[in-house]
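Peer 1: Predicted structure and sequence below. I'll ask about it afterward.
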Amino acid sequence: MRDTLLGLSWHQIMLWACIFFGSLYWGMGALNQLITHHLMPALGHGRTLDPRPLGPGQQAREQTQSALSVLLFGVGSVVPWSFLQWGWARLAVNPSGWQIALEVAVLVVWNEVHFYANHWLLHTRWLRRFHLLHHRSVVVTPWSTYCFHPVEALMLGNVLLLPMLLHDFSVWALLSVPVFSIVFNNIGHSNFDFLPDADRDRWWLNGARRHHLHHACYHGNFGFMFPFMDRLFGTALPPDAAQAQIARHGRKP
Ligand SMILES: [Zn+2]
Ligand SMILES: [Zn+2]
């Protein structure tokens, strides 16, 4: 895999990366809908978090905007690939299973820190104009996952560059980042409470609840999948933060 990747030309890497990101986005989005709209209701488990209706044309808009992000991520993957070609970064040769597992764990934590920092910046008054597009989805759907302004896509999409300059990662650990990101991102944008009876903040599956609250309230809960960054910086929202908005909608005739 390592040699195959290094042997590709720049236009091949862009094409394969576009196919990779597109498959992740539409594949995981469809799987998410299957689980939350069909499987879970059939099993009688879980519940919708925000019952308010979607905005007009919301899912089509989210997918069109996400297609642009897929293109940007695909074309942008020529940057880490160029780092490898120029010798600025290297890929591990024959990494052990333990090395790959440890690298993935480190990248999961780094991804949280990187996302939190960039997301917090996107909520400052200088950058929020680039983030409001993502927040047009007040009630989230699986198609919101890549629905970014190009500036936001570039900010979030550079997550691998710094780690690659600091350490020779295995190709599998690097490829795992878009994969676990889209899984976490789908949970966050599922609008579905997978663990309605569990402690509301402790479990990682409750990333769905935390990110739903972020979209419903706008301020607070800037983390991606795990709550540790919001707890560290005091930006965690209380579990009932969106109750008033949702109840207000329920009272409308
Ligand atoms: Zn936000
Ligand atoms: Zn979101």
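Peer 2: Yep, it's here. Ligands and ions are numbered 1, 2, ... in the order given.

Peer 1: Show the average pLDDT along the lengthiest helix in the chain.
Peer 2: Looking only at the chain and at elements set by DSSP state H, the helix with the highest residue count is helix 97-122. For helix 97-122, mean pLDDT rounds to 97.

Peer 1: Determine the set of other helices and strands touching that helix.
Peer 2: Contacts of helix 97-122 with other secondary structure elements, assessed using 3 or more CB pairs under 8 Å, 6 or more residues apart in numbering; DSSP states H and E, are made with helix 150-157, helix 161-166, helix 171-188, helix 228-232. Heads up, the C-betas are built off the backbone N, CA and C, glycines and all.

Peer 1: and if we set it to 10 Å?
Peer 2: Helix 97-122 sits against helix 132-135, helix 150-157, helix 161-166, helix 171-188, helix 228-232, with contacts defined as 3 or more CB pairs under 10 Å, 6 or more residues apart in numbering; DSSP states H and E.

Peer 1: Show me the contact partners of the first one.
Peer 2: Looking back up the chat, that one is helix 132-135. Contacts of helix 132-135 from elsewhere in the structure, counted by CB atoms under 10 Å, 6 or more residues apart in numbering, are 61-62, 65, 119, 122-123, 128, 140, 144-153, 189, 214-215, 218.

Peer 1: for the helices and strands packed on helix 97-122, which one sits closest to Leu31?
Peer 2: Comparison of the helices and strands packed on helix 97-122 against Leu31 by CB to CB identifies helix 171-188 as nearest, at 7.6 Å.

Peer 1: Show me what that closest one is packed against.
Peer 2: Judged by 3+ CB pairs under 10 Å, 6+ apart, the packing partners of helix 171-188 are helix 2-7, helix 10-33, helix 78-85, helix 97-122, helix 161-166, helix 207-217.

Peer 1: Make a markdown table from the ones you listed and add mean neighbour count to it.
Peer 2: Converted to a markdown table, those look like this (neighbours: other CB atoms under 10 Å):
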| stretch | mean neighbour count |
| --- | --- |
| helix 2-7 | 12 |
| helix 10-33 | 17 |
| helix 78-85 | 16 |
| helix 97-122 | 17 |
| helix 161-166 | 14 |
| helix 207-217 | 24 |
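
Peer 1: want to throw those into a markdown table with distance to Pro239?
Peer 2: Output for the helices and strands packed on helix 171-188, formatted as a markdown table (distance: least, CB to CB, whole Å):
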| stretch | distance to Pro239 |
| --- | --- |
| helix 2-7 | 43 |
| helix 10-33 | 22 |
| helix 78-85 | 38 |
| helix 97-122 | 19 |
| helix 161-166 | 33 |
| helix 207-217 | 7 |
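
Peer 1: Quick one: closest of the ones you listed to Val179.
Peer 2: Closest to Val179 of the helices and strands packed on helix 171-188, according to CB to CB: helix 10-33, at 6.8 Å.
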